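K.L.:
sequence and predicted structure are below.
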Amino acid sequence: MRCYFCNTLSQSRFCGGCDWQLQPSLRVLPGMANICLGMALYSYTPVIKTVVHGIKFESNMALGRLMQARIHPTTVPTIFFETDGFVCVPSHWFRQLFRGRPHIPLMFQQALAKGTVLNGMLRRRKYTRKSAGLTRSQRFKRSSAQRFEWRGGANIQSVTLVDDVCTTGATLTEVAKCLKESGIHTIMALVLAHQPIELA
């Protein structure tokens with residue numbers, strides 16, 4: 001048998017090295033404006049990159065189920081469940097047409113089931129090209145375009161944002177600014193993976 005990710009001979013579907021990369025290892029994200037706590041479950045290793053791309057761009061349900069099994073409620077610190085609810089950062093509706101099913105709720109399904117999911121309250125209202133290949137300054141410049149709109153009620157005072165990959169934090173910062181301006185006091189962020197990029 002060969003490892004699904006690296007194709008080396010293995011006793012099971014993942015070799016020891018790739019299986020190790022699939023074990024969540026919490027790390028605190030660098031500080032972001034308006035976000036009181038941000039954490040990532042993984043570093044953006046080659047295995048996690050393959051998983052994210054497979055789920056996000058190829059609708060690979062087997063990889064989706066794999067991440068569901070790895071990201072269960074005991075994997076996520078309790079503090080993230082103490083907000084009024086989870087808000088998955090959405091794709092623009094047009095991008096979702098050719099991507100298919102939203103990938104963030106799929107990967108975090110078990111963890112989200114333990115809390116309240118605030119579906120449809122955050123909307124991405126502007127379509128922009130994908131972030132891959134953009135520098136840090138380009139990402140932050142684009143995040144000033146007010147791409148998001150909050151539709152939640154005044155009863156929501158705290159949220160946990162959920163996203164797939166954090167590189168510069170520009171998207172999370174943009175969403176947090178939108179939420180703060182809408183009266184939400186406490187904003188936390190939980191992401192699948194952290195992939196720092198060089199300053200530019």
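P.N.:
Sure thing, it's come through.
K.L.:
for the residue lying closest to residue 3 once chain neighbours are set aside, what are phi and psi?
P.N.:
Leaving out its chain neighbours, the residue that sits closest to residue 3 by CB to CB, 6 or more residues apart in numbering is residue 15, at 4.0 Å. Using the backbone N, CA and C atoms, a C-beta is placed for each residue, glycine as well. Per-residue torsions, residue 15: phi -70, psi 170 (degrees, to the nearest 10).
K.L.:
what do you get for residue 182?
P.N.:
Residue torsions, per degrees, to the nearest 10, at residue 182 are phi -100, psi 10.
K.L.:
for the residue lying closest to it once chain neighbours are set aside, give me its contacts.
P.N.:
Of all residues not flanking residue 182 in the chain, residue 150 sits nearest, at 4.2 Å (CB to CB, 6+ apart). Contacts of residue 150 were listed using CB atoms under 8 Å, 6 or more residues apart in numbering, and they are 121-122, 178-179, 182, 184.
K.L.:
quick one: the helices in the protein, in order.
P.N.:
Ranges of helices in the chain, per DSSP state H, are 16-21, 46-58, 61-70, 93-99, 103-107, 109-114, 136-142, 170-181.
K.L.:
mean pLDDT for these: which is lowest?
P.N.:
Lowest mean pLDDT of these: helix 136-142, a mean of 59.
K.L.:
picking that back up, out of the contacts of residue 150, flag the one nearest to residue 115.
P.N.:
residue 121 (14.2 Å; CB to CB).
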